[in-house]
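Q: Predicted model and sequence follow; I will ask about them next.
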Amino acid sequence: MKNILNFTLEKLKDDLFATLGEKPYRAKQIFRWIYEKRVYDFDKMSDISLKTRDALKEHYFISLPTIFTKKVAKDGTVKILAEFEDGEKVESVIMRYRYGTAACISSQVGCNMNCAFCASGMLKKRRNLFTSEMVGQVLLLNKILEEENKGDRITHIVVMGTGEPFDNYENVVDFIYIMNEPFGLQIGARHITVSTCGLVPEIIKFSSLNLQVNLAISLHAPNDETRNMLMPINRAYPITALMDAINTYVQKTNRRLTFEYILIKNVNDSLKDAKQLADLLHGLNCYINLIPYNPIIEKPFERSEENSIKEFFEYLNKRHITCTIRKEFGSDIDAACGQLRAKVKE
Ligand code: SF4
């Protein structure tokens with residue numbers, strides 16, 4: 001039995017033909033039922049013959065994760081722990097912006113990248129998520145939105161929850177195709193963001209797909225010394241190798257890159273750091289998201305002082321580097337990545 005949410009439209013066409021001898025239009029029909037009409041039961045797909053529905057049920061199933069915990073913040077942020085069939089759980093978040101409603105979804109159970117500041121990474125990777133489990137998080141969040149406020153739906157996706165998406169490359173790419181499919185959720189590629197801590201071979205591979213999605217690089221330090229301390233992946237792919245891959249990506253896709261930079265007190269938030277960062281990114285078509293650190297008990301780091309954040313931001317502006325200070329979401333509900341899961345585990 002196969003979970004149908006694992007299939008891109010193209011793969012479903014092939015699989016339906018190989019399994020049931022069905023024509024390609026059947027895959028489009030099923031996609032429309034699931035992703036447009038939000039029907040997750042073959043028996044309710046009324047324009048498919050009874051015989052075909054029975055055949056579908058013999059070989060396929062549709063399974064969404066369930067909600068294990070749900071917290072709603074004063075600013076409307078919703079954070080859930082989604083539970084899968086084997087009992088594993090990951091965090092997914094709904095964030096509301098002026099321009100739409102974004103889902104932040106996880107790509108792995110735990111993470112092996114071991115970033116020093118991260119609550120999610122405290123749990124070592126237990127397994128990759130299947131494509132269906134990433135799709136399932138979005139469908140589940142859409143269900144929550146529908147129940148709360150009819151007509152509201154996820155318009156933007158960020159793959160920035162627990163896990164390193166490029167350490168689960170194939171499944172994440174299929175997930176993007178499903179989100180972007182005109183017969184699916186129709187989420188424009190430019191409304192999808194994938195965030196990586198800097199897996200160089202996968203950044204290069206990703207640039208060849210010619211997808212118009214946004215790529216965000218978790219940089220968090222302007223030099224190897226600080227980055228080695230904060231992000232062990234930097235020892236495998238130091239900043240020069242990362243910048244080479246980034247340049248390849250920009251040349252191939254012509255897309256503007258986003259850099260994520262968490263500001264941590266006395267670690268990476270000095271004016272000297274800002275200058276190094278500006279020098280590093282000089283001339284690159286990019287945008288920096290400055291993120292004041294959200295402290296957690298288990299880690300020794302503190303949030304930068306307000307005046308350091310302001311000075312850092314102003315220095316980058318003076319150097320004509322576009323940046324913003326990221327809005328905090330759901331600070332009253334353990335919204336820092338991995339916090340809710342860590343609490344439930346406790
Ligand atoms: S920041 Fe991202 S890549 Fe690093 S440990 Fe946390 S989840 Fe993994």
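A: Happy to help now that I have it.
Q: Count residues in the vicinity of the nearest residue to Ser208 once chain neighbours are set aside, would you?
A: Distance criterion CB to CB, 6 or more residues apart in numbering; nearest residue to Ser208, sequence neighbours excluded, is Lys252 at 6.7 Å. Where you see a C-beta, it was placed from the backbone N, CA and C, and this is true even at glycine. Lys252 has 14 neighbouring residues, counting by other CB atoms under 10 Å.
Q: per-residue confidence at Val344?
A: pLDDT, Val344: 52.
Q: Also Asn266?
A: Value for Asn266, per-residue pLDDT: 96.
Q: what's the neighbour count on it?
A: By other CB under 10 Å, the residues close to Asn266 number 11.
Q: In a strand, it, correct?
A: No: assignment of Asn266 by DSSP: H, G, I helix; E, B strand; the rest coil gives coil, placing it outside any strand.
Q: can you pull the contacts of the residue nearest to it when sequence neighbours are not counted?
A: Nearest non-adjacent residue to Asn266, counting by CB to CB, 6+ apart: Glu302, 7.8 Å away. Contacts for Glu302 (CB atoms under 8 Å, 6 or more residues apart in numbering) come out as Ile264, Lys265, Asn266, Tyr293, Pro295.
Q: Same check on Asp269?
A: Leu263, Ser304, Ser308, Ile309, Phe312.
Q: before we move on, back to that, how close does the residue nearest to Asn266 get to Cys323?
A: 21 Å (CB to CB, to the nearest Å).
Q: does the closest residue to the ligand within the stretch 101-250 of the chain count as helix, strand or coil?
A: With CB to the nearest ligand atom, the shortest gap between the stretch 101-250 of the chain and the ligand falls at Gly121, namely 2.6 Å. Secondary structure assignment for Gly121 (three-state DSSP): helix.
Q: Might one say that it is in contact with Gly161?
A: No: assessed by CB atoms under 8 Å, Gly121 is found out of contact with Gly161, at 11.9 Å.
Q: same question for the lengthiest strand in the chain, mean pLDDT?
A: Counting residues, the longest strand found in the chain (DSSP state E) is strand 89-97. For strand 89-97, the mean per-residue pLDDT is 93.
Q: first vs last residue of stretch 18-30, how far apart are they?
A: 16 Å (CA to CA, to the nearest Å).
Q: got the buried residues for it?
A: For stretch 18-30, the neighbour count (16 or more other CB atoms under 10 Å) marks Glu22, Arg26, Ala27, Lys28, Gln29, Ile30 as buried.
Q: tell me the two of those residues that are most distant?
A: Greatest spatial distance in those: Glu22 and Lys28, 11.0 Å, computed using CB to CB.
Q: Nearest residue to the residue of the stretch 101-250 of the chain closest to the ligand in space, ignoring adjacent ones along the chain?
A: Going by CB to CB, 6+ apart, Gly121 has Cys111 as its nearest residue, at 4.6 Å.
Q: how far away is the one you found from Val159?
A: In terms of CB to CB, Cys111 sits 13 Å off from Val159.
Q: and the chain, which residues reach the ligand?
A: Residues of the chain that fall close to the ligand, judged by CB under 6 Å from any ligand atom: Cys111, Met113, Asn114, Cys115, Cys118, Ser120, Gly121, Thr162, Gly163, Glu164, Cys197.
Q: Report how far apart the opening and closing residues of stretch 309-325 are.
A: Taking CA to CA as the criterion, the two ends of stretch 309-325 lie 8 Å apart.
Q: just the strands in the stretch 1-150 of the chain please.
A: 2-3, 60-61, 66-72, 78-83, 89-97, 100-104, 108-109, 127-128 (DSSP state E, counting those that start in this stretch).
Q: Rebuild those as a markdown table, extending it with mean neighbour count.
A: Below are the strands of the stretch 1-150 of the chain laid out as a markdown table (neighbours: other CB atoms under 10 Å):
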| stretch | mean neighbour count |
| --- | --- |
| strand 2-3 | 16 |
| strand 60-61 | 18 |
| strand 66-72 | 15 |
| strand 78-83 | 22 |
| strand 89-97 | 21 |
| strand 100-104 | 21 |
| strand 108-109 | 24 |
| strand 127-128 | 16 |
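Q: Great, nothing more from me.
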